[in-house]
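Chemist: model the following, please.
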Amino acid sequence: MVITDKDLGEIRLVKNVQARRIIVRRKDGCLQLTYPSGVTMSFIEKTIVEMKPRLLKLLEKAPKSQLFTPDIEFRTFSFVLNLIESKSTSNYYMKLKDAVLTVSCPIGIDYGDAQVQSTIKNFVEKALRYEAKRLFPEKVKYYAQTFGFSFSTVKINKSRTRWGSCSSKKSINLSYYCMLLPEHLVDFVILHELCHTIEMNHGERFWQLLNQITGDKAKGLTKELKAFKMNW
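Modeler: Numbers count the residues shown, from 1 in each chain. Reported below is the predicted structural model:
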């Protein structure tokens with residue numbers, strides 16, 4: 001469950017039967033509030049109000065997230081964002097066509113408002129997920145055929161902490177946030193995970209294989225990927 005505060009933004013609520021008290025942490029770019037059984041929503045809301053000064057300081061330490069405004073230059077692997085204002089005073093619309101995601105917002109809205117940002121962000125995430133499911137499996141298939149790898153399935157998730165992973169059953173998992181990477185890094189993430197279908201660890205043989213299929217660029221591309229800043 002997620003609630004939105006005008007100052008704190010999205011707060012993810014997680015019930016934990018083993019918890020003894022309310023705990024709030026910053027996780028995956030937003031606040032996560034863990035609460036024990038028996039706690040009411042009114043008590044949670046009251047606690048958030050009481051903790052707000054501390055929570056604001058906690059958010060200040062986090063990297064600044066992307067602010068979506070009509071003049072933003074927001075480009076992904078397969079589309080650019082175009083924010084426009086419609087004649088409607090209450091409704092939002094989205095359309096993804098010809099590599100442009102158009103999000104139509106109510107006229108006169110405050111783009112600094114947390115709820116407005118959350119709404120636009122949700123539209124963008126829907127497009128990221130849709131495009132990742134459309135494009136990434138074909139990319140995995142292409143590179144597997146090109147370099148002689150085999151895999152079982154390709155799954156798209158919303159991980160913010162890992163670009164990709166590979167299971168022992170050779171299932172390739174890719175975060176749809178890879179859509180925010182430049183294409184050569186998208187390809188590198190896929191190649192990295194395909195190598196794990198043969199070498200499940202990061203030992204010497206893994207790096208030799210990854211170097212072989214990237215033209216001895218494995219270390220450099222890994223460094224570039226780690227340095228990529230995701231303001232989300």
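Chemist: use CA for all of it now, contacts and neighbours both
Modeler: OK.
Chemist: the closest residue in space to Trp163 that isn't next to it in sequence: neighbour count?
Modeler: Residue nearest to Trp163 in three dimensions, not counting chain neighbours: Ser175, with 5.3 Å by Cα to Cα, 6 or more residues apart in numbering. Neighbour count for Ser175, taken as other Cα atoms under 10 Å: 21.
Chemist: any idea how far Glu10 is from Ser175?
Modeler: 20 Å (Cα to Cα, to the nearest Å).
Chemist: check Asn82 too.
Modeler: According to Cα to Cα, Asn82 stands 23 Å off from Glu10.
Chemist: name the helices or strands packed onto the helix ranked longest in the chain?
Modeler: For the chain, the helix that runs over the most residues, judged by DSSP state H, is helix 114-147. Using 3 or more Cα pairs under 8 Å, 6 or more residues apart in numbering; DSSP states H and E as the contact test, the elements touching helix 114-147 are strand 2-5, strand 9-15, strand 100-105, strand 153-157, helix 183-195.
Chemist: want to try TSV for the ones you listed, with distance to Ile213, mean neighbour count and mean pLDDT as columns?
Modeler: Formatted as TSV, these follow (distance: least, Cα to Cα, whole Å; neighbours: other Cα atoms under 10 Å; pLDDT from 0 to 100):
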stretch	distance to Ile213	mean neighbour count	mean pLDDT
strand 2-5	43	12	87
strand 9-15	41	17	91
strand 100-105	33	20	96
strand 153-157	20	17	98
helix 183-195	8	20	98
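Chemist: please convert these to JSON lines, extending it with distance to Thr47.
Modeler: JSON lines is the format used below for those (distance: least, Cα to Cα, whole Å):
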{"stretch": "strand 2-5", "distance to Thr47": "13"}
{"stretch": "strand 9-15", "distance to Thr47": "13"}
{"stretch": "strand 100-105", "distance to Thr47": "33"}
{"stretch": "strand 153-157", "distance to Thr47": "32"}
{"stretch": "helix 183-195", "distance to Thr47": "41"}
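Chemist: nearest residue to Pro106 in space, please, no chain neighbours.
Modeler: Counting by Cα to Cα, 6+ apart, Thr89 is the residue found nearest to Pro106 once chain neighbours are left out, at 4.7 Å.
Chemist: my read: the one you found touches Ser104, true?
Modeler: No - counting by Cα atoms under 8 Å, Thr89 stays clear of Ser104, with 10.9 Å between them.
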